[in-house]
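Trainee: sequence? don't have it. structure:
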């Protein structure tokens, strides 16, 4: 569609609130925006006024535009964030690490709630606290709360099947709700205190516990008084380690600041709960260039806030480093209220305490920006070297590596590993269980994998496809790309280092990893000490590891099915008991008859039969592997 045709299309758009979706010539959504009046907003991209170079480039990529009408502007904000998350448009600000930070979850929908570590907040009726800085810290918090307030730590399945208390009760760390040693109301009192602690109301919890301790001492219940005293001591120690910024605040707050230059922008969010800092989160936005005069920080910052609180806990108050204006702030507050169910204040702080929190975020974001840029520059230099040595048209910001794995042509699988900006992006990793290939057929295997991969239009095209193998594997991929009509994609292969020895010499020579390009006879060699070499080799090793792990998982699953399912006397119930006791085939194989007899329903005769069958299967597999050494895992 030409520019004039697009303008003609836009002229028919409604003047109502909604979102618009801009698409490229491959019909892929490249930008999602929101608007109070769709037609007016979209037409502004094609005007003759002062348009930034970034917007001009975006417009040059647009070949079609669609829209979705919403009832209100608030709904447009909500829909925009949802569509950005779903389609991952290339030119929108995208927050890529939403799942990386852990939360504490209280399963309030259970009769006797327990604590979990989770990495995603859901609207499921449970309580969530966080985000915290790391998984280890959350595990320590959960351990502390379980011990201090005697909260159960067993699974629901374990709890439902108990007929007598477990060891945790015996050592005084649980009240045994599994066998009704405590009522739901009394258990709820402990839960209430744990929640107050997580909400930062430590002083209230301490006062209640100290009062309970004194009462127990007066009643000469010294065992209970000692337990409460230990809880008081533990809470006091935790409070000493917390960073207190304002002990008088009864709010959950987030303080946000940003800093950047021509290399991108860092955003820092500091989470303050009831006056105590519990953690912070950083995002680097490479597409936001702060030094561009046309770049209005309000545009991208509003989008950041909208996306950030799509999946994260919305606090009572959000402190921001710039004034977003009288029109935008009420709108954002309404959006966040719709998401969270409670009133939210967004403000540029003029008071001393609020300004201190934003200043803290500002100090942190400057250091985070410096650290990120320092690491990024070394990666950028390496990517430049890869571009030059492999004769690529541009910097390979997204490299995808594929590896095929099989055992004697059975259970053929493939892995897809993605490095972006020189570092792994594990969210983009993919595994493929091949459906159309029988036996060993490199061409058909690679064709199926690449066809399935390139059919996913929601993912960005790779700047470089790297294949684990030599010239043969490279030629296969080149032919597959020709057949798929995707010859514009750059491809290279990496062959493992070779060990060479002259039978007349005691010296053993080892060649370096070699990289092959289409149409070139001699391999490309990188210095083993270079960052570029490390990126490519790590990428290949990661793809190999990912494929092998998946392949072994399928093989082990197959062994479970073929061996355990065909042992006379080992029915589904006994098999389940066995699998609950032993996590893998290897652990069963390494067990003794006496170990297996301890499993419910397992006789000595059956245990012997299971071990004999597993050892027989293991011996057969070893013989086949030795006889077909060349046809093993690649």
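Mentor: That came in fine, so what should we check first? Quick caveat: nothing in here was measured; it's all calculated off a predicted structure.
Trainee: after the longest helix anywhere in the chain, which helix or strand is next? Please name it.
Mentor: Longest helix of the chain, by residue count under DSSP state H: helix 352-389. Using DSSP states H and E, the helix or strand that follows helix 352-389 towards the C-terminus is strand 398-407.
Trainee: what's the angle between that following strand and helix 352-389?
Mentor: 70 degrees (axes from the mean of the first three to the mean of the last three C-alpha atoms, to 10 degrees).
Trainee: paired strands for strand 398-407, with orientation please.
Mentor: Strand 398-407 has the following strand partners under DSSP bridges: strand 410-420 (antiparallel), strand 464-468 (parallel).
Trainee: now do the helix or strand that the longest one is followed by: distance to the chain's middle.
Mentor: Pointing back at strand 410-420 there. Once strand 410-420 ends, the next helix or strand along the chain (criterion: DSSP H and E) is strand 423-424. Its chain's C-alpha centre and that of strand 423-424 lie 13 Å apart, by C-alpha atoms, centre = their mean, to the nearest Å.
Trainee: what does strand 423-424 contact?
Mentor: 379, 417, 418, 542 (C-beta atoms under 8 Å, 6 or more residues apart in numbering). Where you see a C-beta, it was placed from the backbone N, CA and C, and this is true even at glycine.
Trainee: any idea how many residues pack against residue 264?
Mentor: 17 (other C-beta atoms under 10 Å).
Trainee: correct me, but it touches residue 284?
Mentor: Yes. Between residue 264 and residue 284 there is a contact under C-beta atoms under 8 Å: 5.9 Å.
Trainee: can you list the low-confidence ranges for the stretch 401-550 of the chain?
Mentor: Along the stretch 401-550 of the chain, segments meeting pLDDT under 70 span 406-411, 437-439, 458, 497-511.
Trainee: residue 25: how many residues sit nearby?
Mentor: 10.
Trainee: cool, and residue 32?
Mentor: Neighbour tally, residue 32, other C-beta under 10 Å: 24.
Trainee: residue 339 now?
Mentor: Residue 339, neighbours per other C-beta under 10 Å, totals 20.
Trainee: give the contact list for it.
Mentor: Per C-beta under 8 Å, 6+ apart, neighbours of residue 339: 78, 309, 310, 314.
Trainee: just those: which has the poorest pLDDT?
Mentor: Among those, residue 310 has the lowest pLDDT, at 87.
Trainee: which neighbouring elements make contact with the helix or strand hosting that residue?
Mentor: Take DSSP H and E as the rule and residue 310 turns out to sit in helix 297-311. Contact analysis of helix 297-311 by 3 or more C-beta pairs under 8 Å, 6 or more residues apart in numbering; DSSP states H and E lists helix 73-87, strand 252-261, strand 276-285, helix 328-340 as its packing neighbours.
Trainee: pretty sure residue 35 sits against residue 15.
Mentor: No. If you go by C-beta under 8 Å, residue 35 and residue 15 don't touch, sitting 9.4 Å apart.
Trainee: what about those two, which has more around it?
Mentor: Using other C-beta under 10 Å as the criterion, residue 35 and residue 15 rank with residue 35 on top: 22 against 11.
Trainee: just give me the neighbour total for residue 215.
Mentor: Count around residue 215 with other C-beta under 10 Å applied: 13.
Trainee: also residue 314?
Mentor: The burial count for residue 314: 20, using other C-beta under 10 Å.
Trainee: can you pull the contacts of the closest residue to residue 278 other than its chain neighbours?
Mentor: Take residue 278 and drop its neighbours on the chain: the residue closest to it by C-beta to C-beta, 6 or more residues apart in numbering is residue 271, 5.3 Å away. By C-beta under 8 Å, 6+ apart, residue 271 lies in contact with 130, 131, 253, 254, 277, 278, 279, 280, 281, 315.
Trainee: could you dump these into JSON lines and include distance to residue 10?
Mentor: Putting the contacts of residue 271 into JSON lines (distance: C-beta to C-beta, whole Å) gives the following:
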{"residue": "130", "distance to residue 10": "43"}
{"residue": "131", "distance to residue 10": "41"}
{"residue": "253", "distance to residue 10": "42"}
{"residue": "254", "distance to residue 10": "37"}
{"residue": "277", "distance to residue 10": "47"}
{"residue": "278", "distance to residue 10": "47"}
{"residue": "279", "distance to residue 10": "44"}
{"residue": "280", "distance to residue 10": "42"}
{"residue": "281", "distance to residue 10": "38"}
{"residue": "315", "distance to residue 10": "39"}
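Trainee: most surrounded residue in these?
Mentor: residue 254 (26 neighbours).
Trainee: didn't that residue look like it was pressed against residue 270?
Mentor: Yes. With contact defined as C-beta under 8 Å, residue 254 reaches residue 270; the gap is 6.9 Å.
Trainee: what's the closest of the contacts of residue 271 to residue 176?
Mentor: Residue 176 lies nearest to residue 130 out of the contacts of residue 271, by C-beta to C-beta, at 28.9 Å.
Trainee: tell me how far residue 7 lies from residue 59.
Mentor: Per C-beta to C-beta, to the nearest Å, residue 7 is found 11 Å from residue 59.
Trainee: er, residue 131 actually
Mentor: In terms of C-beta to C-beta, residue 131 sits 37 Å off from residue 59.
Trainee: and if you look at residue 279?
Mentor: 40 Å.
Trainee: same question for residue 427.
Mentor: 29 Å.
Trainee: who has more neighbours, these two?
Mentor: Using other C-beta under 10 Å, the more surrounded residue of residue 427 and residue 59 is residue 59, with 15 against 12.
Trainee: what secondary structure does the more buried one sit in?
Mentor: Secondary structure, DSSP: H, G, I helix; E, B strand; the rest coil: residue 59 is helix.
Trainee: identify the residues contacting it.
Mentor: So residue 59 contacts 45, 46, 51 (C-beta under 8 Å, 6+ apart).
Trainee: wait, the first one sits on residue 55?
Mentor: Yes. Between residue 45 and residue 55 there is a contact at 6.4 Å, judged by C-beta under 8 Å.
Trainee: what number of residues lie near the closest residue to residue 75 other than its chain neighbours?
Mentor: Once flanking residues are discounted, residue 75 sits nearest to residue 17: 7.2 Å by C-beta to C-beta, 6+ apart. Using other C-beta under 10 Å, residue 17 is surrounded by 21 other residues.
Trainee: what score does residue 17 have for pLDDT?
Mentor: 95.
Trainee: can you give me the distance of it to residue 337?
Mentor: Distance from residue 17 to residue 337, by C-beta to C-beta: 17 Å.
Trainee: just residue 124 next, same as before
Mentor: 20 Å.
Trainee: neighbour count for these two, which is higher?
Mentor: Neighbour count, other C-beta under 10 Å: between residue 124 and residue 337, residue 337 has more, with 14 against 10.
Trainee: list the contacts of that one.
Mentor: 343, 344.
Trainee: coming back round to it: any common contacting residues for residue 7 and residue 59?
Mentor: residue 46.
Trainee: tell me which stretches of the stretch 151-300 of the chain form helices.
Mentor: Taking DSSP state H, counting those that start in this stretch as the criterion, the stretch 151-300 of the chain carries its helices at 156-160, 167-170, 184-198, 202-218, 222-241, 297-311.
Trainee: if the residue nearest to residue 278 is in a bridge, with which residues?
Mentor: Here residue 271, judged by DSSP bridges, has bridge partners residue 254, residue 279.
Trainee: now do stretch 321-341: distance to the chain's middle.
Mentor: On C-alpha atoms, centre = their mean, the centre of stretch 321-341 falls 27 Å from the chain's centre.
Trainee: swap that for stretch 184-193, sorry
Mentor: So, by C-alpha atoms, centre = their mean, the centroid of stretch 184-193 is 34 Å from its chain's centroid.
Trainee: what is the burial count for residue 123?
Mentor: 9.
Trainee: quick one on the thing from earlier: out of the helices of the stretch 151-300 of the chain, deepest packed?
Mentor: helix 297-311 (a mean of 19; mean count of other C-beta atoms under 10 Å).
Trainee: any idea of the angle that helix forms with strand 252-261?
Mentor: 140 degrees.
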